[in-house]
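1. below is the sequence, then the predicted model.
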Amino acid sequence: MSTEAPLKTDSAAGRRGWKCPLSDAHVHREDVRKVWKECQEESFWYRALPLSLGSMAVTGGLIYKGIWKSSPRFGPFPKLAVAGLLGFAVGKASYVGTCRSKFHELGIKDGTGFRPWSRNGLHEPGRRFCNHVCEECKKKDQAAPSVQE
């Protein structure tokens, strides 16, 4: 077993503009935007809205039965609003795992591999970071003549 060194930006392959296909997997903005929009819509329709309406219905039922008392000044509305907001927040939060799996399918791993805000070294906008150096990359790097600047 050989230990694989991190891909260096000053290697001969990097100077020629050739990049390892494993470390140069580009994530297109349109794909990310599409998955993000799907996550927002599905989390609203499938989790947030049903949980919000359900919690408001349960709260309204508890107030109607007299288990909970409505506010003398504002009536049942504050409790219904809080129940709706809590149901909405819990519904959105419960969909995070599903969205995470959608981004995994796209090739983005939990924020550790996708760093669009980092502009130093190998972290380019929209690219995944990879320390992998495949055998083909090593051969091409060794075959290229070293250029001194």
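-> Great, that's in hand.
2. only C-alpha atoms for contact and neighbour calcs from this point on.
-> OK.
3. how about low-confidence regions in the chain?
-> 1-27, 109-134, 136-138, 141, 144-149 (pLDDT under 70).
4. can you give me the helices in it?
-> 12-16, 29-43, 49-65, 77-94, 96-106, 135-143 (DSSP state H).
5. ok, and for the second one, which residues are buried?
-> Of all the residues in helix 29-43, those buried under the rule 16 or more other CA atoms under 10 Å are Val32, Val35, Cys39, Glu42, Ser43.
6. quick one: those as a markdown table, columns for distance to Leu51 too.
-> Below are the buried residues of helix 29-43 laid out as a markdown table (distance: CA to CA, whole Å):
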| residue | distance to Leu51 |
| --- | --- |
| Val32 | 27 |
| Val35 | 23 |
| Cys39 | 16 |
| Glu42 | 13 |
| Ser43 | 11 |
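7. now, which of these sits nearest Gly60?
-> Distances from Gly60 to the buried residues of helix 29-43, taken as CA to CA, are shortest for Ser43 (24.0 Å).
8. quick one: contacts for that closest one?
-> Counting by CA atoms under 8 Å, 6 or more residues apart in numbering, Ser43 makes contact with Gly91, Lys92, Tyr95.
9. whichever of those end up buried, select them in PyMOL.
-> The following PyMOL line selects those of those that are buried, judged by 16+ other CA under 10 Å:
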select buried, resi 91+92+95
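10. ok, of the contacts of Ser43, which one's closest to Gln142?
-> Distance to Gln142, by CA to CA, is smallest for Tyr95 among these, at 47.6 Å.
11. Arg100 versus the nearest residue to the closest one once chain neighbours are set aside, what's the distance?
-> Of all residues not flanking Tyr95 in the chain, Ser43 sits nearest, at 5.7 Å (CA to CA, 6 or more residues apart in numbering). For Ser43, the distance to Arg100 (CA to CA, to the nearest Å) stands at 12 Å.
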